[in-house]
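[1] Provided below are the primary sequence and the corresponding predicted coordinates.
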Amino acid sequence: MKHPRPNRLLRAARERGGLSRTELAEAVSLWLARRDPRGRDVAFDANHLGKIERGIIERPRANYIAALCAVLRATEAELGFDHASRATPEDVDRKAFLQAALGAGAGALIARHLPEYDATDLVASVAGPSGHYRRLSEFVPTMELTPVVEAHLRLASSVVNGVLPTRDGFAALTEAAQVAGWLARERDDRGTVRRHFAEAMRYAERAQHPLLTAFVGLGRGTYAVEIGDYRVGLHLLERAQWQLKESSGPDAARANLAACQAVAHAEMGDRTAAFAEMRRSEALARSGRGELQWPWIFAFDAQKSARYQATTLAKLDDLPAARAAFAASTPSTMAPSPRAMAQVDQAGALARAGQVDEACALAQEALAVGERYGFERVVRRVRAFRAELPQVTRETATLDAALADTDRI
């Protein structure tokens with residue numbers, strides 16, 4: 001008798017996302033229902049998910065796997081599904097054909113050779129890579145990933161506009177444009193960021209998905225704040241907050257937006273408003289009302305809350321509180337880009353408090369990350385930090401030498 005093999009990878013991915021079995025099952029059901037041409041409910045619940053995690057069901061149906069990968073933003077291999085050895089020949093043939101059609105990059109090819117294509121499979125084929133690229137962007141050098149993401153965006157645009165001009169199609173296209181915008185942001189390519197974020201908003205509006213529109217608004221608002229357009233950024237964030245309220249978005253999403261608004265107020269020097277938004281963010285994060293829904297599928301946990309608090313407090317020059325919050329955010333577990341940006345914020349607060357040597361050492365750590373991954377926005381932030389330090393010490397001289405090396409690369 002063959003004994004079940006627990007799928008520990010799937011369970012670990014679920015727990016990393018802060019989701020219970022019930023929450024993940026509901027997110028999967030919602031993802032599938034939104035992509036069903038007839039809008040039918042999907043019979044996927046926590047009991048079924050538990051059987052998959054315990055290994056009683058080794059490989060669920062293809063659409064369940066696609067949904068799990070999309071919701072958890074992972075590949076089949078990362079979720080413990082050995083597609084090559086367990087897929088049926090029919091499943092392999094259909095997927096192979098879709099991949100070949102997508103690889104050719106023409107919606108017309110799909111329409112010609114697959115007139116009765118499965119819309120759910122096609123949306124999953126278009127949407128799947130965006131989630132994977134977003135995860136990769138945290139660890140793969142930006143210049144290596146950019147050509148692939150830009151090519152996928154062109155491909156997704158061709159497919160959606162050619163054969164899949166549906167709400168689900170435009171929702172998938174929104175995510176592709178958003179990921180391309182995020183990568184351009186890391187490269188500090190402002191023109192491309194604005195272009196892709198504007199595309200993402202147009203696609204989100206065509207998808208008629210209020211939560212998605214608010215999600216895009218969050219990206220646009222935080223970027224505007226980051227480049228110094230504080231009032232514009234705050235306006236975009238407030239509009240996104242209103243859209244979430246109108247659509248009954250989950251409290252985790254509202255907590256995230258409130259935390260971003262706190263940063264915007266801190267940049268503008270408004271301590272009262274910044275602290276009010278921080279308190280609101282904490283209260284919303286604790287309440288946990290509302291189910292997580294795509295694209296807001298990850299919990300706004302204590303670690304993420306602490307990261308935003310550290311940034312807000314650093315900008316308000318509340319150094320002791322900023323350092324405590326930064327430590328609570330567990331920087332060793334952060335992705336490279338947000339960690340480096342948080343380090344520069346901490347360095348600024350340290351320098352303004354007179355601790356220049358420690359500040360420069362922290363800024364140099366951030367600079368090393370920026371160079372390694374091609375995060376030009378991190379490099380720019382470190383340069384701006386150094387420009388605010390008129391004095392020359394041994395540590396500033398070391399930082400100056402490191403910055404000079406970036407010019408020669």
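    Yep, it's here.
[2] pLDDT below threshold where in this structure?
    In the predicted model, the chain carries pLDDT under 70 at residues 1-3, 36-42, 82-121, 288, 290-294, 296-298, 407-409.
[3] give me the most central residue, it.
    For the chain, Arg134 is the residue whose C-alpha lies nearest the centre (CA atoms, centre = their mean; 6.1 Å).
[4] which parts of the stretch 301-409 of the chain are helices?
    For the stretch 301-409 of the chain, applying DSSP state H, counting those that start in this stretch gives helices covering 302-315, 319-328, 336-352, 356-373, 376-387, 394-408.
[5] make CSV out of those helices and add mean neighbour count and distance to Val163.
    Where C-beta positions appear, they are placed from N, C-alpha and C, glycine not excepted. Supplementary listing: those in CSV, determined by neighbours: other CB atoms under 10 Å; distance: least, CB to CB, whole Å:
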stretch, mean neighbour count, distance to Val163
helix 302-315, 23, 38
helix 319-328, 17, 48
helix 336-352, 23, 35
helix 356-373, 21, 36
helix 376-387, 19, 36
helix 394-408, 13, 45
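[6] Trp182: which of those is closest?
    Using CB to CB as the measure, helix 336-352 is the one of the helices of the stretch 301-409 of the chain that comes nearest Trp182, at 9.3 Å.
[7] in terms of secondary structure, what does that closest one contact?
    Applying 3 or more CB pairs under 8 Å, 6 or more residues apart in numbering; DSSP states H and E, one finds that helix 336-352 contacts helix 302-315, helix 319-328, helix 356-373, helix 376-387.
[8] and the angle for the last one with helix 394-408?
    Spelled out, it's helix 376-387. Between the axis of helix 376-387 and that of helix 394-408 there is an angle of 140 degrees, by axes from the mean of the first three to the mean of the last three CA atoms, to 10 degrees.
[9] got the CA positions of helix 376-387 in PDB?
    What follows is helix 376-387, C-alpha atoms only, in PDB (Å, rounded to 0.1, in the frame of the first residue of the first chain):
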ATOM      1  CA  GLU A 376      19.400  52.400  -9.300                       C
ATOM      2  CA  ARG A 377      16.900  54.100  -7.000                       C
ATOM      3  CA  VAL A 378      18.800  52.800  -4.000                       C
ATOM      4  CA  VAL A 379      22.000  54.200  -5.500                       C
ATOM      5  CA  ARG A 380      20.300  57.500  -6.100                       C
ATOM      6  CA  ARG A 381      19.000  57.600  -2.500                       C
ATOM      7  CA  VAL A 382      22.500  56.900  -1.100                       C
ATOM      8  CA  ARG A 383      23.900  59.700  -3.300                       C
ATOM      9  CA  ALA A 384      21.200  62.100  -1.900                       C
ATOM     10  CA  PHE A 385      22.100  61.000   1.600                       C
ATOM     11  CA  ARG A 386      25.800  61.700   1.100                       C
ATOM     12  CA  ALA A 387      25.000  65.100  -0.400                       C
END
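[10] that concludes my questions; thank you for your assistance.
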